[in-house]
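# Model the following, please.
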Amino acid sequence: MPVPAISSPDVFDTGVLPRHVAEAVWRGSELGDAVSRTVSSGFPELDSELPGGGWPTHSLTELLMPQAALCEWRLLGPALPSLMTSGGRVYLIAPPKQPHAGGLEQLGLSADQVVWVHASTPVDRLWVTEQIVKSDPAGAVLSWLPQARPEQIRRLQIHAQSCDAPVFLFRPAAALNDTSPAPLRVAVALAKGWELEIRIPKRRGASLDDALYLAAMPENLESVLPPRLKTVPARSAALSREEASDARALGRVAPHSTTSQPVSH
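Purely as a prediction, here's the structure:
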């Protein structure tokens, strides 16, 4: 019996398949649909590059950057307030700097909506992150895990599949050299002025190798900054590489002072 010739994937016609099969077909070169609910990032141009049109729930998102405490809030700030409308909270696990209640208020997050978890060792950070994700909280989970190994991230991904809150793991840009079970990996860096440079090396579909530039000036600064400060030059690439050379710096947590209080208990 003659074997039919296999046509090129570029000319494959899904019309020859049963309807329910054709609807389930997805090509790796295409941007995939989300497998769960998504939350808008607040940047339309970024949403158009994320599967499902936003940050995923029931899944991990890795955010990789050359230095901690530079891009996190400018990238996630527009999305977080919408997650607080039903009594949700933002869980901060081992942030490298103490959360600033006034700054979070400017983003639309009141102090009682923020939970700061102080965890100084990698083991403690992993354990706390896992317990919070397993509890399926309302809101969002933000965890700084620079030293997490692939098998540890895989375990978190398994638990995140039952979590309706988006889970973000902050890791050094050097971690791009390692494999990761996280379905979505986004590289973030400072660009010229107040822009953020975004690349998506891993998503459901072809990677986004070209840079995407987001205008990420906080709204409360737009009306008060003079023009000369709206065009701040980007930090040099050499400086970024020097900062990224010590990945442990991204795991340095805020000093725990006996005279200060967490943003929320």
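
# Name the helix or strand for Ser143, please.
Assigned by DSSP states H and E, Ser143 belongs to strand 139-144.

# Tell me the helices and strands packed up against that strand.
helix 72-76, strand 89-93, helix 122-134, strand 167-172 (3 or more CB pairs under 8 Å, 6 or more residues apart in numbering; DSSP states H and E). All C-beta atoms are positioned from the backbone trio N, CA, C, and that covers glycine.

# Just the mean pLDDT for that strand, thanks.
Mean per-residue pLDDT for strand 139-144: 98.

# the inter-axis angle of that strand versus helix 122-134?
170 degrees (axes from the mean of the first three to the mean of the last three CA atoms, to 10 degrees).

# Can you give the distance of strand 139-144 from its chain's centre?
Averaged C-alpha coordinates place strand 139-144 at 9 Å from its chain's average position (CA atoms, centre = their mean, to the nearest Å).

# Can you name the next helix or strand after it?
Next element after strand 139-144 (DSSP H and E): helix 150-160.

# buried stuff in that next one?
152-153, 155-157, 159-160 (16 or more other CB atoms under 10 Å).

# Please report the distance of Gly42 from Arg74.
10 Å (CB to CB, to the nearest Å).

# Equivalent analysis for Pro201, please.
Pro201 is 20 Å from Arg74, where distance means CB to CB.

# Would you mind telling me which of these two has the busier surroundings?
Using other CB atoms under 10 Å, the more surrounded residue of Pro201 and Arg74 is Arg74, with 18 against 15.

# Name the nearest residue to the more buried one, sequence neighbours excluded.
Distances taken as CB to CB, 6 or more residues apart in numbering put Ala216 closest to Arg74, at 4.3 Å, once the chain neighbours are dropped.

# For the one you found, report the pLDDT, please.
Ala216 is given a pLDDT of 92.

# Near it, how many other residues are there?
21.

# Contacts only, for it.
43, 74-75, 194-196 (CB atoms under 8 Å, 6 or more residues apart in numbering).

# and if you look at Asp178?
Counting by CB under 8 Å, 6+ apart, Asp178 has contacts Pro150.

# where's it relative to Leu221, distance?
36 Å.

# Ok, Leu46 next?
20 Å.

# Counting neighbours, go ahead and name the busier of the two.
Ranked by neighbour count (other CB under 10 Å), Leu46 and Leu221 place Leu46 first, with 23 against 12.

# what about that one, is that helix, strand or coil?
Judged by DSSP: H, G, I helix; E, B strand; the rest coil, the three-state class of Leu46 is helix.

# Can you tell me the number of residues neighbouring Ala111?
Using other CB under 10 Å as the criterion, the residues surrounding Ala111 number 15.

# repeat for Tyr213
13.

# In contact with it, which residues?
191, 195-198.

# Give me the phi and psi angles of Ala189.
Taking degrees, to the nearest 10, you get phi -150, psi 160 for the backbone angles of Ala189.

# Skipping its backbone neighbours, what lies nearest it in space?
Ala189's closest residue in space is Glu197 (CB to CB, 6+ apart), at 4.6 Å.

# Okay, and the beta partners of that neighbour?
Ala189, Tyr213 (DSSP bridges).

# Tell me if I'm right that it and Ala173 touch.
No - here Glu197 does not reach Ala173: they are 11.3 Å apart, not a contact under CB atoms under 8 Å.

# joint contacts of the two?
Going by CB under 8 Å, 6+ apart, residues that sit against Glu197 and also against Ala173 are Ala189.
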